[in-house]
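> Compute the structure for the input listed below.
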Amino acid sequence: MTRIELNVAGQPISLIFNQQQIIQVFHQQQALVLESESEHLQSCQINEQAVHFNTSQLAEGLLGVAVNTQPPQWLEVPHQQAESKRGWLGLAMLSFKIFKSAKVVKAALAGASVAGYAWLFSLEFALMIIACLVVHEYGHVRAMKYFGIKTKGIYLIPFVGGLAVSDEKITTRWQDVVISLMGPAFGLITSVLGVVLYYATDMEIFAGVAVLSALLNLFNLLPILPLDGGHVLKSISFSMRSWVGLLACFGGVLLGLYISWTFGLMLLVFFIFIGSLEIVFEWRERHISHLLPLDRYGQIVSALMYVVVAVGHIAVMMHFADSDNVILSLPMKILSN
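Reported below is the predicted structural model:
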């Protein structure tokens, strides 16, 4: 996909398009409703004026733009070459699509996750952690659906966690922030509900759910790619300047390596490697990125949302810090270290 800036009907707009059609139109940081009038004709409203886009020659690098009933003006736009799938890469992508569409595989992964955690700990703990993971990933799914992004659902990966899979790409940094934070935000709801049920029933299992949910979600909020906190950091910092984003994200990498060394989390090293590749790709495509950046207001709001969710989880953990139950007080001891 390609993003360009135009001045139409006296108003600056941003267009995101591929070889066949326009994907999204933005005006003053807001996505406009884009309607398809025919196979090669799309339109939207800008300040009560109808703007029509003719995409019949988009593959050749020409886009027709007309305001109201005026004849279209043909503008040269960046010509996109069709992406080719080659060798093992194409085969891997095809296999991944088959994997995502197989509901039986999704159920098998969920069963394997329960069995794995039960084997390592106990069935009670396995059900607790699965519940926390599902609620967390459901938060991501709900955010995707809010933005009209099609989803494939939730996949539970044994001994790794969960994954909310989308069918489409995001188009703005704001979407990335909201989708990333909704997982920990829904997890915070789980934690608070666990606290309430604990005091209502005096059953420690609910306190365990509250603390476990807080610990898992706070870990996910670490500013390390590809964790949720890393995506928030990337969206905010790359919206400022590309070099700010690069430095901030690699600062997260160093933090992740330090945490891995301190607590012996070798699996986190693998995630950091994947996140480092994401940082490199983001830097290489900084000049052609289709993502609409956050303005200053969006950066501040995103940072405040991040802090509120993180503080909420820390508060739940602090609430049980003095508990006689070693398991309930353990997360706060880990955080203190």
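> my guess is residue 26 is in a strand, correct?
Yes: read with DSSP: H, G, I helix; E, B strand; the rest coil, residue 26 is one of the residues of a strand.
> List the residues that contact it.
13, 14, 15, 16, 32, 172, 292 (C-beta atoms under 8 Å, 6 or more residues apart in numbering). Every residue, glycine included, has its C-beta placed from N, CA and C.
> Where helices are concerned, which of those residues count?
Assigned to helices by DSSP state H, none of the contacts of residue 26 qualify.
> Closest one of these to residue 131?
residue 172 (31.4 Å; C-beta to C-beta).
> Name whatever forms a beta bridge with the closest one.
Beta-bridge pairing for residue 172 (DSSP bridges): residue 292.
> Could you count how many residues lie near it?
Look at residue 172: counted by other C-beta atoms under 10 Å, it has 24 neighbours.
> coming back round to it: from the contacts of residue 26, which has minimum pLDDT?
When those are sorted by pLDDT, the bottom entry is residue 32 at 76.
> That one: what's it in contact with?
Residues counted as contacts of residue 32 (C-beta under 8 Å, 6+ apart) are 13, 24, 25, 26, 44, 45, 46.
> try 6 Å
Neighbour list for residue 32: 25, 44 [criterion: C-beta atoms under 6 Å, 6 or more residues apart in numbering].
> Over to it: give its phi and psi.
When read as degrees, to the nearest 10, the backbone of residue 32 gives phi -90, psi 150.
> quick one: it from residue 125, how far?
Distance of residue 32 to residue 125, given as C-beta to C-beta, to the nearest Å: 49 Å.
> Need the phi and psi values for residue 73.
Per-residue torsions, residue 73: phi -100, psi 130 (degrees, to the nearest 10).
> Just the pLDDT at it, thanks.
Residue 73 carries a pLDDT value of 86.
> Near it, how many other residues are there?
Residue 73 has 12 neighbouring residues, counting by other C-beta under 10 Å.
> With residue 33 instead?
Using other C-beta under 10 Å, residue 33 is surrounded by 8 other residues.
> Just the element for the closest residue to residue 228 other than its chain neighbours, please.
Closest residue to residue 228 apart from its sequence neighbours, by C-beta to C-beta, 6 or more residues apart in numbering: residue 180 at 4.3 Å. Residue 180 is part of helix 173-201 when elements are defined by DSSP states H and E.
> what about that helix, distance to the chain center?
Chain-centre distance of helix 173-201: 16 Å, with C-alpha atoms, centre = their mean, to the nearest Å.
> which other residues reach whatever helix or strand comes next after that helix?
The element immediately downstream of helix 173-201 (helix or strand, assigned by DSSP H and E) is helix 204-220. Under the criterion C-beta under 6 Å, 6+ apart, residues 128, 132, 184, 187, 190-191, 194-195, 197-198, 227-228, 313, 316-317, 320, 328, 331 lie in contact with helix 204-220.
> ok, back up a step: for the helix holding residue 180, buried residues please.
Buried residues in helix 173-201, counted by 16 or more other C-beta atoms under 10 Å: 173-188, 190-192, 194-195, 197-198.
> next one: stretch 155-164
155, 156, 161, 162, 163, 164.
> before we move on, the earlier item: and the helix holding residue 180, what does it pack against?
For helix 173-201, the elements it packs on are helix 123-146, helix 204-220, helix 228-240, helix 296-319, judged by 3 or more C-beta pairs under 6 Å, 6 or more residues apart in numbering; DSSP states H and E.
> following the first one, which helix or strand comes up?
I take that to be helix 123-146. strand 151-157.
> where does the stretch 101-250 of the chain have low pLDDT?
Residue ranges of the stretch 101-250 of the chain with pLDDT under 70: 101-106.
> and with 50 instead?
In the predicted model, the stretch 101-250 of the chain carries no residue with pLDDT under 50.
> rewinding a little: and the buried residues of stretch 155-164 as a markdown table, adding distance to residue 287?
What follows is the buried residues of stretch 155-164, written out as a markdown table (distance: C-beta to C-beta, whole Å):
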| residue | distance to residue 287 |
| --- | --- |
| 155 | 33 |
| 156 | 38 |
| 161 | 33 |
| 162 | 34 |
| 163 | 30 |
| 164 | 29 |
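> most surrounded residue in the contacts of residue 26?
Taking other C-beta under 10 Å as the neighbour criterion, residue 172 ranks highest of these with 24 neighbours.
> That residue against residue 292, yeah?
Yes: between residue 172 and residue 292 there is a contact under C-beta atoms under 6 Å: 4.2 Å.
> quick one on the thing from earlier: may I see the helices and strands packed on helix 173-201 arranged in JSON lines, with mean neighbour count and distance to residue 262 as well?
Listed next are the helices and strands packed on helix 173-201 as JSON lines, based on neighbours: other C-beta atoms under 10 Å; distance: least, C-beta to C-beta, whole Å:
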{"stretch": "helix 123-146", "mean neighbour count": "19", "distance to residue 262": "23"}
{"stretch": "helix 204-220", "mean neighbour count": "23", "distance to residue 262": "13"}
{"stretch": "helix 228-240", "mean neighbour count": "24", "distance to residue 262": "18"}
{"stretch": "helix 296-319", "mean neighbour count": "17", "distance to residue 262": "18"}
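> As JSON lines, these with distance to residue 273 would be great.
Below are the helices and strands packed on helix 173-201 laid out as JSON lines (distance: least, C-beta to C-beta, whole Å):
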{"stretch": "helix 123-146", "distance to residue 273": "22"}
{"stretch": "helix 204-220", "distance to residue 273": "18"}
{"stretch": "helix 228-240", "distance to residue 273": "13"}
{"stretch": "helix 296-319", "distance to residue 273": "24"}
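> Many thanks, have a good one.
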